[in-house]
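A.B. asks: I would like the atomic coordinates for the input below:
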Amino acid sequence: MMTSKEIRQQFLDFFESKGHTIVPSAPMVIKNDPTLMFTNAGMNQFKDIFLGNKTAKTNRATDSQKCLRVSGKHNDLEAVGRDSYHHTMFEMLGNWSFGDYFKTEAIDWAWELLTEIYKIDKTKLYATVFEGDSQDGTELDEEARAAWKKHLPEDHILLGNKHDNFWEMGDTGPCGPCSEIHIDLRSDEEIAKVPGASLVNQDNPLVIEIWNLVFMQFNRKADSSLELLPHKNIDTGMGFERLCMVLQGKTSNYDTDVFTGLIGKIEEFSGHKYHENEKTEVAMRVIADHIRAISFSIADGQLPSNVKAGYVIRRILRRAVRYGYTFLGFNEPFLCRLVNQLVADMGQAYPELSGQQKLIESVIKEEENAFLRTLDRGIKLMDEYMAKSEATKKISGEDAFVLYDTFGFPLDLTELIAEENGFTVDTKGFEVEMQKQKDRARNATANEFGDWIEFHSGEGVEFLGYDCLELDGVNLMKHRTVKQKNKSLYQLVFDKTPFYAEMGGQVGDTGYILSGNGEKINILNTVKENELTIHLAERIPSDCNCTFTLHVDAERRQDIANNHTATHLLDNALRTVLGDHVEQKGSFVGPDYFRFDFSHFSKMTDEELAQVELKVNEMIRANYLLEEKRDATMEEAVANGAIALFGEKYGDVVRYVKFGPSIELCGGTHTSATGTIGLFKILSESAVAAGVRRIEAVTGIKAEEYVNTLSETIKTAKSFFNNVPDLNGAIKKMLEENAAYKKEIDTFQKEKAVRFANEAIAGAETIQGIQVIRFTGEATPALIKNTAPTIQKHEGKIAFAGAFLSDGRPQLALIYSDELVAAGKNAGKEIREAAKFILGGGGGQPGFATAGGKNTDGLEKALAQLVEIITR
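C.D. replies: Model prediction:
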């Protein structure tokens with residue numbers, strides 16, 4: 001049986017023998033495409049070639065691309081784990097032709113690889129062909145059908161509609177018919193009963209698609225019409241995990257060696273067996289899949305967070321933790337312990353995993369700990385929801401959605417907890433809230449793109465902004481209008497430009513353009529869409545055929561350049577002070593400040609920060625001149641000491657910049673000499689994630705303003721202490737005095753609480769052999785808390801039932817003496833029965849518990865309930 005590593009290599013070797021260039025996988029996290037957060041198909045890295053924005057360096061290419069599908073059009077997340085073949089992170093094997101071969105060769109080679117190299121049974125294979133679409137004016141794909149007739153009988157060549165057999169990149173852009181290859185993995189007996197042709201594209205887990213051959217021959221315009229592309233392209237994608245399932249004779253992707261190592265470790269750590277029951281199977285599949293998506297994303301530079309791509313990764317991680325917590329009994333971090341096995345399985349093919357292993361483990365562990373705490377808070381909130389829904393025994397859809405959206409509780413977890421307590425959940429109401437959220441997200445990001453209107457042809461945009469900020473004789477290549485939230489944005493593309501497009505953490509340039517007739521139009525921002533530099537303008541020029549002069553805001557650009565150079569100096573200083581383990585993990589470079597994220601496993605000390613700041617300013621005063629090489633090979637740059645970053649995809653030709661001891665690969669704009677930076681000051685140092693720190697800093701005039709503000713603050717503080725020479729000593733003395741006063745106050749409050757407790761005990765009434773203290777009125781939570789020890793340690797059976805107001809809000813308290821706790825009383829559990837009367841929830845320890853709520857009118861009933869509980 002072939003291993004997964006052998007299967008991957010055979011695919012690449014086969015297409016290399018057919019004249020294809022093997023290219024490395026692009027990062028899974030996408031940084032310069034506003035339409036995508038993650039690579040979700042093998043063709044993503046070739047998108048600019050298909051769009052005509054870039055010329056292919058080779059006419060034929062092949063690779064194994066790491067992909068992630070969890071949101072948008074390819075939303076597979078909720079299906080992952082429930083079946084045998086859906087995944088979040090997966091590998092896509094592919095081969096491409098850029099204006100070279102077309103349908104016949106693509107089909108012939110696919111057949112040769114599957115049947116002659118991989119030795120798949122020919123009788124088990126089916127192919128689908130596009131049947132045409134009258135609305136689009138497209139006809140049956142006779143060319144593809146004729147190619148398949150050489151290999152398959154007629155009853156194994158099936159026609160497919162536009163939904164299944166017409167591939168589109170998006171609402172507009174390159175598209176075309178496709179031909180899917182399906183395989184029937186059922187037994188001969190089952191096939192004899194029901195032919196496989198009737199099960200293709202019917203969601204049968206054993207009759208599945210393994211390869212899609214896309215024939216890009218059209219361009220979809222904004223009005224939905226189709227036009228032929230000048231060059232026809234081939235784009236194929238075969239799911240690696242499914243192929244391994246077929247070739248290893250399995251009926252589930254999770255039974256292949258791609259996953260068995262991980263599942264074995266999950267069994268070992270949990271003490272459960274994979275096939276123990278359906279719940280353990282689903283849980284282990286979820287975890288084995290999700291650890292791959294999480295780890296690869298972190299390796300590519302995307303940390304879990306609450307926004308955009310980071311939120312997607314956090315959601316995947318929390319789903320895995322939730323399954324481990326609920327079905328496998330994991331109460332402590334466990335995902336982080338699986339990283340070592342993943343590196344053993346995939347580290348050779350993807351060295352970024354092994355290179356980042358320590359960081360990946362640290363980030364995942366911190367995220368797991370945080371979510372386990374969140375789970376506890378969510379379960380307590382669930383208790384409150386059940387308390388207020390006691391009458392109906394149904395959790396509302398709105399409350400279930402809050403648990404999902406805020407605490408990461410999937411609906412099935414809420415239903416599980418509800419069922420265990422005799423409740424149901426309003427699932428329809430939950431779906432309504434979920435749809436509202438989807439609609440809000442869609443409306444927030446929905447863009448309506450017009451067609452590009454072209455004026456001059458050309459290949460790409462030439463960037464000249466390293467050497468000039470003003471450029472004459474520029475042609476407008478094309479423009480389009482984009483509508484977002486009922487607002488129109490105007491995108492202009494020129495054949496050359498001095499404007500730097502937002503990329504690599506550096507913000508885009510602003511400025512203006514002048515037309516030949518003197519018309520001035522402001523450029524509000526410059527962005528990168530794949531390889532295309534787009535200028536966002538306040539309007540479209542009245543004459544688009546004239547030449548233009550482009551002006552970059554020079555003062556703003558210099559501030560940005562100073563800050564970008566400062567990030568390089570900071571990187572060098574951090575490595576010098578902290579060690580070579582420091583690696584850049586992200587940055588933001590603007591005109592007013594910059595931030596720099598880096599790997600380091602502890603908070604920096606004040607002394608370390610001072611050393612770093614000193615070293616950066618020393619390099620500034622040294623006035624190192626900019627040295628750069630714009631056409632270096634990667635090998636040459638690394639040999640000269642340039643630092644390359646994980647998660648970045650570099651081209652064949654790279655640029656590196658050097659300022660004294662600092663040398664880095666970089667495409668951004670920089671100052672001509674470090675002396676122009678002036679001054680560098682660190683504003684803050686903080687944690688971003690486990691093992692990742694962040695420094696925010698300012699330079700130049702902003703640094704001077706910061707120093708001046710600090711100076712004024714010190715002067716003002718001195719004035720509060722009568723301008724004493726030793727301000728530090730005066731502040732220290734004041735803090736010591738305040739601490740002494742606070743200690744006296746604490747002592748007084750505890751004495752007051754003891755008196756309050758003794759008076760309450762003296763006024764207790766005896767009910768069924770228990771001394772019961774009833775308390776109403778107003779009190780602070782601190783007073784009740786300080787009262788508890790006296791009552792708990794009092795001899796005999798004594799209990800405190802409090803239903804009172806604190807700052808106008810209803811509060812409950814239940815305190816038991818140690819003797820009552822020993823007899824089985826538990827305040828933490830019992831107080832919840834009374835909390836429903838004030839529309840709240842609570843909890844605590846067996847001897848002392850509190851609850852808060854919203855309904856002050858319910859205090860009297862709540863007190864009666866507490867007394868009933870005490871004497872029950």
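
A.B. asks: any low-confidence regions in this protein?
C.D. replies: Within the chain, the stretches with pLDDT under 70 are 32, 34, 71-76, 441-447, 646-649.

A.B. asks: so how far is residue 742 from the most centrally placed residue in it?
C.D. replies: Residue closest to the average C-alpha location in the chain (C-alpha atoms, centre = their mean): residue 310, at 2.2 Å. Residue 310 is 41 Å from residue 742, where distance means C-beta to C-beta, to the nearest Å. Glycine gets a C-beta too; all of them are placed from N, C-alpha and C.

A.B. asks: please identify the helix or strand for the residue nearest to the centre of the chain.
C.D. replies: Secondary structure assigned from DSSP states H and E places residue 310 in helix 308-327.

A.B. asks: can I get that helix as PDB, trimmed to CA atoms?
C.D. replies: Provided in PDB are the C-alpha atoms of helix 308-327 (Å, rounded to 0.1, in the frame of the first residue of the first chain):
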ATOM      1  CA  LYS A 308     -11.600  38.500  10.200                       C
ATOM      2  CA  ALA A 309      -9.300  35.600   9.500                       C
ATOM      3  CA  GLY A 310      -8.200  35.400  13.200                       C
ATOM      4  CA  TYR A 311     -11.800  34.900  14.200                       C
ATOM      5  CA  VAL A 312     -12.200  32.000  11.800                       C
ATOM      6  CA  ILE A 313      -9.200  30.200  13.300                       C
ATOM      7  CA  ARG A 314     -10.400  30.900  16.900                       C
ATOM      8  CA  ARG A 315     -13.800  29.500  15.900                       C
ATOM      9  CA  ILE A 316     -12.200  26.300  14.500                       C
ATOM     10  CA  LEU A 317     -10.100  25.900  17.600                       C
ATOM     11  CA  ARG A 318     -13.000  26.400  20.000                       C
ATOM     12  CA  ARG A 319     -15.100  23.800  18.100                       C
ATOM     13  CA  ALA A 320     -12.300  21.300  18.500                       C
ATOM     14  CA  VAL A 321     -12.000  22.100  22.300                       C
ATOM     15  CA  ARG A 322     -15.700  21.900  22.700                       C
ATOM     16  CA  TYR A 323     -15.900  18.400  21.200                       C
ATOM     17  CA  GLY A 324     -13.000  17.200  23.300                       C
ATOM     18  CA  TYR A 325     -14.500  18.700  26.400                       C
ATOM     19  CA  THR A 326     -18.000  17.400  25.900                       C
ATOM     20  CA  PHE A 327     -17.400  13.900  24.400                       C
END
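
A.B. asks: got the contact list for the very next helix or strand once past it?
C.D. replies: Following helix 308-327 in sequence order, the next helix or strand is helix 339-346 (DSSP H and E). With contact meaning C-beta atoms under 8 Å, 6 or more residues apart in numbering, helix 339-346 is reached by 257-258, 261-262, 264-265, 291-292, 295, 353-354, 357, 360-361, 364.

A.B. asks: for helix 339-346, buried residues please.
C.D. replies: By 16 or more other C-beta atoms under 10 Å, the buried positions in helix 339-346 come out as 339, 341-343, 345-346.

A.B. asks: next one: it to chain centre, how far?
C.D. replies: 21 Å (C-alpha atoms, centre = their mean, to the nearest Å).

A.B. asks: check which helices and strands the helix holding residue 310 is in contact with.
C.D. replies: helix 278-299, helix 357-388, helix 411-420 (3 or more C-beta pairs under 8 Å, 6 or more residues apart in numbering; DSSP states H and E).

A.B. asks: tell me what the lengthiest helix in the chain is packed against?
C.D. replies: In the chain, ranked by residue count with DSSP state H as the criterion, the top helix is helix 727-762. Here helix 727-762 touches helix 700-720, strand 770-775, helix 781-793, going by 3+ C-beta pairs under 8 Å, 6+ apart.

A.B. asks: Serialize the ones you listed to TSV and add fields for mean neighbour count and distance to residue 82.
C.D. replies: Formatted as TSV, the helices and strands packed on helix 727-762 follow (neighbours: other C-beta atoms under 10 Å; distance: least, C-beta to C-beta, whole Å):
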stretch	mean neighbour count	distance to residue 82
helix 700-720	13	53
strand 770-775	20	53
helix 781-793	19	46
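
A.B. asks: residue 762: which of those is closest?
C.D. replies: Closest to residue 762 of these, according to C-beta to C-beta: strand 770-775, at 9.5 Å.

A.B. asks: which residues does that closest one contact?
C.D. replies: For strand 770-775, using C-beta under 8 Å, 6+ apart, the contacting residues are 760-761, 763-766, 791, 796-804, 813, 820, 863, 867, 870-871.

A.B. asks: quick one: contacts for residue 145?
C.D. replies: Counted by C-beta under 8 Å, 6+ apart, residue 145 has contacts 129, 157.

A.B. asks: in which helix or strand would I find it?
C.D. replies: Assessed by DSSP H and E, residue 145 sits inside helix 142-149.

A.B. asks: which SSE is immediately downstream of that helix?
C.D. replies: strand 157-160.

A.B. asks: now that following strand: buried residues?
C.D. replies: For strand 157-160, by 16+ other C-beta under 10 Å, it's 157-158, 160.

A.B. asks: give me the contact list for whichever helix or strand comes after that strand.
C.D. replies: Following strand 157-160 in sequence order, the next helix or strand is helix 162-165 (DSSP H and E). Applying C-beta under 8 Å, 6+ apart, the contact partners of helix 162-165 are 128-131, 133, 136, 141, 159, 177-180, 201.

A.B. asks: same thing but 7 Å
C.D. replies: Residues outside helix 162-165 that contact it (C-beta atoms under 7 Å, 6 or more residues apart in numbering): 128-130, 133, 177-178, 180, 201.

A.B. asks: what about those, which are in strands?
C.D. replies: Secondary structure from DSSP state E places 128-130, 177-178, 180 of these in strands.

A.B. asks: of those residues, buried ones?
C.D. replies: 128-130, 177-178, 180.

A.B. asks: list just the nearest of the buried residues of helix 339-346 to residue 825.
C.D. replies: residue 339 (45.9 Å).

A.B. asks: the closest one and residue 745, how far apart?
C.D. replies: As judged by C-beta to C-beta, residue 339 and residue 745 stand 50 Å apart.

A.B. asks: could you do residue 177 as well?
C.D. replies: Going from residue 177 to residue 745 by C-beta to C-beta gives 80 Å.

A.B. asks: quick check: angle from the strand or helix carrying residue 801 to strand 770-775?
C.D. replies: Counting by DSSP H and E, the element that carries residue 801 is strand 798-806. Going by axes from the mean of the first three to the mean of the last three C-alpha atoms, to 10 degrees, strand 798-806 is angled at 10 degrees with respect to strand 770-775.

A.B. asks: mind giving me the packing neighbours of the very next helix or strand once past strand 798-806?
C.D. replies: Next helix or strand after strand 798-806 toward the C-terminus (DSSP H and E): strand 809-816. Identification of packing neighbours for strand 809-816 by 3 or more C-beta pairs under 7 Å, 6 or more residues apart in numbering; DSSP states H and E yields helix 781-793, strand 798-806, helix 827-835, strand 848-852, helix 859-870.

A.B. asks: three-state assignment of residue 723?
C.D. replies: In three-state terms, and counting by DSSP: H, G, I helix; E, B strand; the rest coil, residue 723 is coil.

A.B. asks: just give me the closest of the buried ones among the ones in strands among the contacts of helix 162-165 to residue 42.
C.D. replies: Distances from residue 42 to these, taken by C-beta to C-beta, are shortest for residue 178, at 13.4 Å.

A.B. asks: does that closest one have beta-bridge partners, and which?
C.D. replies: Residue 178 has these beta-bridge partners by DSSP bridges: residue 214.

A.B. asks: could you measure from it over to residue 629?
C.D. replies: As judged by C-beta to C-beta, residue 178 and residue 629 stand 44 Å apart.

A.B. asks: residue contacts, the closest residue to residue 156 other than its chain neighbours?
C.D. replies: Closest residue in space to residue 156, ignoring its immediate chain neighbours: residue 126 at 4.9 Å, by C-beta to C-beta, 6 or more residues apart in numbering. The contact partners of residue 126, by C-beta under 7 Å, 6+ apart, come to 156, 158, 182, 196-197, 200.

A.B. asks: again, but for residue 308
C.D. replies: Applying C-beta under 7 Å, 6+ apart, the residues near residue 308 are residue 37.
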